[in-house]
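J.: Could you work out the structure for the sequence below:
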Amino acid sequence: MVIGLSYHAAPASVLERYWISKDRLSEALVRLADAEAVEEVVVLATCSRTEFWLWANDPALAANSVSRLLSAEYGLKLCDWEHFYRLLDDDALLHIFRVAAGLDSTAVGEPEISAQLNSAWEQARTAGSTGRFLDAVVRKALALSERVRSETAIDDPKKHDRGKVIRPNAGERRGATAAERLLAAEAHGFRSELLAEQVVPTVVGLRHRLDEFCRQELDSFREECGPFSKDQDEILQAVTSRLTQRIAGSLVRELKEPPEKVERLFHLETPELALAGTRLKEEQRRSWLEQPQRPQIEDFVARAEQQVKR
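T.: Okay, here's the model as predicted:
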């Protein structure tokens, strides 16, 4: 997520008021890294923009954390907050890539922004506010910046005049268009890579919950319908293991969706909630025990499959 303001939408007086000097940047990074919903943060502060690049588990809460910092340190007013923009997901990545490549600068293609971004990144690493996700984003942004300058015609060092908005000529406009297409394609593909990395802990959590679910169901079945012979018990364990593997494998293939959807679906953050829907109600238990014959292994398999469909 990106929260910031720039020369595009904010007057110079607002830009100046919320510019974060280098000696105050470290403190801001540390405070934001400990703030609610913020997992990683990089702050880019230049003469034409102040931006907070965030990896957040809840964008709304993270935005509140940024506004609280600005209110406490810079006296943020509601009328000024309206000048700030908030970008998410692909839009945020594309914006970061455009900024790094100089496409969002006062002089399109300016090389100075790369040095400024490197400096901001170094400060974030020194403050301990960035990690594997934002490190990967900044590293990718800087690499794309080099590609844009080498593969397009947007960068002419002679045309840069700091502080002035310089209109590109026809050749530069064509180069900028090619650069925009390149960055848009890279932003979409790179976000998929980031989500794939984020899915790993989700898959691990999901497998643990499935193992726990099947273990509890197996223990419950043994208590209600046992005892079983050694051979029968081994078959039950084998069936349980196969069910777990099939369910986990099927769900992992569905994890192309954003991982937070899976977390909400299975309540991975709370084991009790994850298991709440798997236990039989007391009425069902009584009905089960009142049956004239004990269910066999086939009944256990059908019961487990019914739980999966739910």
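J.: okay, CA-based contacts and neighbour counts for the rest of this
T.: OK.
J.: Tally up the residues packed near Leu69, please.
T.: Using other CA atoms under 10 Å, Leu69 is surrounded by 17 other residues.
J.: what helix or strand is it on?
T.: Element membership of Leu69, judged by DSSP states H and E, is helix 59-74.
J.: helices or strands up against that helix?
T.: Judged by 3 or more CA pairs under 8 Å, 6 or more residues apart in numbering; DSSP states H and E, helix 59-74 is in contact with helix 22-33.
J.: Give the buried residues for the helix it packs on.
T.: Neighbour counts over helix 22-33 (16 or more other CA atoms under 10 Å) mark Leu25, Ser26, Ala28, Leu29, Val30, Arg31, Leu32, Ala33 as buried.
J.: right, and Val138 touches Glu122 too?
T.: No: under the criterion of CA atoms under 8 Å, Val138 makes no contact with Glu122, lying 10.6 Å away.
J.: Those two: which has the busier surroundings?
T.: In this comparison of Val138 against Glu122, neighbours counted by other CA under 10 Å, the higher total goes to Val138 at 21 against 14.
J.: Provide a list of residues in contact with the nearest residue to that one once chain neighbours are set aside.
T.: Using CA to CA, 6 or more residues apart in numbering and skipping residues adjacent in sequence, the residue nearest Val138 is Trp121, 7.4 Å away. Under the criterion of CA atoms under 8 Å, 6 or more residues apart in numbering, the contact list for Trp121 reads Val42, Val43, Asp135, Val138.
J.: related to what we said a few turns ago, list residues touching both of Val138 and Glu122?
T.: For the pair Val138 and Glu122, no residue contacts each of them under the criterion CA under 8 Å, 6+ apart.
J.: the domain parsing of this protein - what is it?
T.: 2-168, 200-309 (automatic domain parsing).
J.: Out of those, which gets the lowest mean score?
T.: Comparing mean pLDDT across the domains of the chain, the weakest is domain 200-309, with a mean of 63.
J.: on that earlier part again, got JSON lines for the contacts of Trp121, with secondary structure and distance to Gly226 too?
T.: Below are these laid out as JSON lines (DSSP: H, G, I helix; E, B strand; the rest coil; distance: CA to CA, whole Å):
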{"residue": "Val42", "secondary structure": "strand", "distance to Gly226": "59"}
{"residue": "Val43", "secondary structure": "strand", "distance to Gly226": "62"}
{"residue": "Asp135", "secondary structure": "helix", "distance to Gly226": "55"}
{"residue": "Val138", "secondary structure": "helix", "distance to Gly226": "59"}
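J.: Of those residues, just say which sits nearest to Asp231.
T.: Asp135 (53.2 Å; CA to CA).
J.: What's the local residue count around the closest one?
T.: By other CA under 10 Å, the residues close to Asp135 number 17.
J.: next one: Thr130
T.: Using other CA under 10 Å, Thr130 has 24 other residues around it.
J.: Apart from its neighbours in sequence, what residue is nearest it?
T.: Among residues not flanking Thr130 along the chain, Glu40 sits closest, at 4.7 Å (CA to CA, 6+ apart).
J.: Packing partners of the helix or strand where the one you found lies?
T.: Counting by DSSP H and E, the secondary-structure element that holds Glu40 is strand 38-46. If you count contacts as 3+ CA pairs under 8 Å, 6+ apart, strand 38-46 packs onto helix 22-33, strand 49-56, helix 112-127, helix 132-151.
J.: Just give the closest residue to Leu70, not the sequence neighbours.
T.: Spatially, and ignoring its direct neighbours in sequence, Leu70 is nearest to Leu76 (5.4 Å; CA to CA, 6+ apart).
J.: Assign a three-state SS to that neighbour, would you?
T.: The three-state assignment at Leu76 reads coil, by DSSP: H, G, I helix; E, B strand; the rest coil.
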